[in-house]
Each structure stands twice: as structure tokens, then as C-alpha cells.
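In: Whatever this is, show me its structure:
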Amino acid sequence: MSFADFMQTYAPTILYSVLVAVAGFLGAQAKRIWDRISADQTKKDVAETVVRAVEQMYKDLHGEEKKQKAVEGIRQMLDAKGVTIADIEIEMLLEAAVAEFNRQRTADQTQTPAA
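Out: Numbers count the residues shown, from 1 in each chain. A predicted model of the protein is given here:
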């Protein structure tokens, strides 16, 4: 059997196998990227929700106690969703969510007309 005969017989099968392998690899990479993006957005949303909830539920707490409640809430909610998070991520997301909460509260207070 010559090389030309071999290629004519097996080239479509080989090409199909290579294309399936490449498509599978690309699909797995796309899923990994999507999962990371989705998890990051979930973490941000949870942090914002927890900050609002802690402000509402624990008005009598301040400083470190309130922060600890927020950290616990974030960790519990993400654990329930099966999302892992590092301590440093919690700290950063919490600080960003608190800053945004305070910015919105300040904006709301300045827009409220005095009676």
C-alpha cells in the first residue's frame, strides 16, 4: 500500500479524530473560563447582599463584630452554592461592597430633600 492509498483511505478518519479532540479541548477550556467568570460574579453578588443584610440585621454591632458577621455570611452562602473562596478574596470583596454601600447611602442622603 502506497502513502497515497493510505492517505486516501485513512485521512478522513484521522482528520475527524483530530477535530473531535480539538473541539473537546476547546469546549473544556471555554467551560473552565465560564465557570471562573460565573463564580467571580456570584462572589461579588453574595458580598453585596451580605453587606446590605448585615447592615439591616445587626444595627447594634459595629466594627470588627459586624465585619465578622459579614465574613461568616459570605462563607456560608458561598459554601451552600459550592463556590470556594480564599480569605483574601472575602476581605477584598467585603471592602469593595462596603465602599459601594456607603457611596450609595451618601448619594441617597444628598438627594433626599430636607423637610
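In: Please tell me how far residue 70 sits from residue 83.
Out: Taking CB to CB, to the nearest Å as the criterion, residue 70 is separated from residue 83 by 16 Å. Where you see a C-beta, it was placed from the backbone N, CA and C, and this is true even at glycine.
In: Can you pick out the residue with more neighbours from those two?
Out: When neighbours are counted by other CB atoms under 10 Å, residue 70 comes out ahead of the other of residue 70 and residue 83, with 23 against 15.
In: low pLDDT regions in this protein?
Out: 112-115 (pLDDT under 70).
In: Need the residue closest to the centroid of the chain.
Out: The geometric centre of the chain, computed from its C-alpha atoms, lies nearest to residue 40 (CA atoms, centre = their mean), at 1.6 Å.
In: Tell me the spacing between it and residue 71.
Out: With CB to CB as the criterion, residue 40 and residue 71 are 18 Å apart.
In: what's the burial count for residue 25?
Out: Using other CB under 10 Å as the criterion, the residues surrounding residue 25 number 10.
In: That one in helix, strand or coil?
Out: In three-state terms, and counting by DSSP: H, G, I helix; E, B strand; the rest coil, residue 25 is helix.
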